[in-house]
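Q: This is a predicted model, with the sequence first.
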Amino acid sequence: MAGSIDTSYMYMMYPYHSDYSYLFNMSNPLTSMQNIVPDNIFQIAQQAMYTNIENQQLPMQTTNALVMLNSYANNLGETASQLQLTSPNNVFNQMVATSSDPNFISVLAQAGATASTYSVSVNQLAMAQQNIGTSLASNSVTSLTPGTYSFTAQVGGQQYNISFNVNQGDTNQTVLDNMAQAINSANIGITAVVNNNSYLGTSQLEINANSTGTNNAFTLTDVNGNAVSYTGANTVSVEATNANYTINGVSNTSQSNTVNIDNNNLTITFAKTVSNATVTVMPDTQSISDSINNFVNEYNEMLTYANQNQQYISPLVVSGLTQSYEYQASNLQAIGITQNPDMTFSIDQNTLNNAIQNNFSTVQAAFAGFDGLAVNVGQFAGQIAESPLTDYANEVMPTVNNNMGIYNSTGMLDASLIQTMLMPSGQFINSLI
């Protein structure tokens, strides 16, 4: 191999070669010009870059800083969205309901429920019909003659035909078991079970409507044979009833003990009769407080990180974050959110909790209103997260000269490009051989 290279020729052929002179450390045998071959070009470039700390380290540090900034921006954008009215899952739309008598009335509010107070009285609960048959000696042979027995079941206005067989020597318990199985197999909205009393040696047929209310009442009638009358299957022990209740003085009935009001956003379930229970629907103050605290934490972390990495990150990041406070400063201060000297936020939790409970509109305006803090910060964080990393790099920081693009998009050396640039075909290569 040749021991020298015509550098004047190289500068003439490659006018940008001077931009890459830092790639070569002539005092290092590895990176001396005479040792350049296609197999070690990338190793030479990397080694040379490590000997030039300023030119090698800053691009990678900048890339790392911007990648972390992007991560902070994503996290901040997500927490900000929970405080924006345009978000379907925003916490200002979440409501909670409480009952003054939770053992008598339970309540559940959906997002979008109206903040209000209701007076609820329950005069009668909805009940499901129950029939209890005759108590028969379990092991005694049935008095029913062998054959096929059929009967009708009228359930909720619909009539169904049911049949089963009685065989020679069947006991009363066997008859009841077969009858119950026939009813259940019909799947008509009633369920039959056989209650066996081992102490008394008796069996009884029990039949229950699957749902409460008068619309689910049922009757059984013999058609062929007398199985219904023999077993007492049509004996009503609990009548089907509807719930009878009043809400804010307005009476109503329900087939079930669960009623939905406020466009189905509030569910009330009756467990016992009660007079003048109070149901209160209000914003979910705990969720709002948690979301605000999470937002402030994410904001402070991103702002602190940007301040600590100003040599890599554009000052636009810090200014874009901090100026968002100015638009709602008075409202934010009124609800306990203040700026520290380093421009991060502090929360007076007692003031915030009181504002959420008693000054909800101000809390909502401060974060989700026109020029609200969460609106502006969320929009800015979204811009950072969706933009190329280089858009928010500090333009005045020293960087490796990349006029010829020797770095890829992540800030790493592009080995193939360096080889093409420094080892092209022709006289330059020939001079190295």
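A: Sure thing, it's come through. Residues are numbered from 1 along each chain as shown.

Q: any idea which residue sits dead centre in this protein?
A: Asn89 (8.6 Å; C-alpha atoms, centre = their mean).

Q: Neighbours of the closest residue to that residue other than its chain neighbours, how many?
A: Setting aside the residues directly before and after it, Asn89 is nearest to Gln82 in space (C-beta to C-beta, 6 or more residues apart in numbering), at 6.6 Å. Any C-beta I mention is one placed from the backbone N, CA and C, and that applies to glycine too. Neighbour count for Gln82, taken as other C-beta atoms under 10 Å: 23.

Q: Next up, phi/psi of Gln82, please.
A: Dihedral pair for Gln82: phi -70, psi -10, per degrees, to the nearest 10.

Q: ok, it to Gly225 distance?
A: Using C-beta to C-beta, to the nearest Å, we find Gln82 at a distance of 67 Å from Gly225.

Q: Check Thr212 too.
A: Using C-beta to C-beta, Thr212 is found at 32 Å from Gly225.

Q: go on, Ile335?
A: 77 Å.

Q: Between the two, tell me which one has more neighbours.
A: Remark: of Ile335 and Gly225, Ile335 carries more neighbours, 25 against 18, as counted by other C-beta under 10 Å.

Q: what about the residue nearest to the more buried one when sequence neighbours are not counted, neighbour count?
A: Among residues not flanking Ile335 along the chain, Ala355 sits closest, at 3.9 Å (C-beta to C-beta, 6+ apart). The burial count assigned to Ala355 is 23, neighbours taken as other C-beta under 10 Å.

Q: thinking Ala355 is in contact with Val363, fair?
A: Yes. Using C-beta atoms under 8 Å, Ala355 is in contact with Val363, at 5.2 Å.

Q: got the contact list for the residue nearest to Ile335?
A: Ala334, Ile335, Gly336, Thr362, Val363 (C-beta atoms under 8 Å, 6 or more residues apart in numbering).

Q: And it, which helix or strand is it part of?
A: helix 349-358 (DSSP states H and E).

Q: Go through that helix and flag the buried ones.
A: Counting neighbours by 16 or more other C-beta atoms under 10 Å, one finds that the buried residues in helix 349-358 are Thr351, Leu352, Asn353, Ala355, Ile356.

Q: for stretch 251-265, same thing?
A: Under 16+ other C-beta under 10 Å, the buried positions of stretch 251-265 are Ser254, Gln255, Ser256, Asn257, Val259, Ile261, Asp262, Asn265.

Q: from the middle of its chain, how far away would stretch 389-396 be?
A: Remark: stretch 389-396 is offset 34 Å from the chain centroid, using C-alpha atoms, centre = their mean, to the nearest Å.

Q: which residues are in contact with it?
A: Contacts to stretch 389-396, defined as C-beta under 8 Å, 6+ apart, come from residues 62-63, 66-67, 69-70, 310-317, 384.
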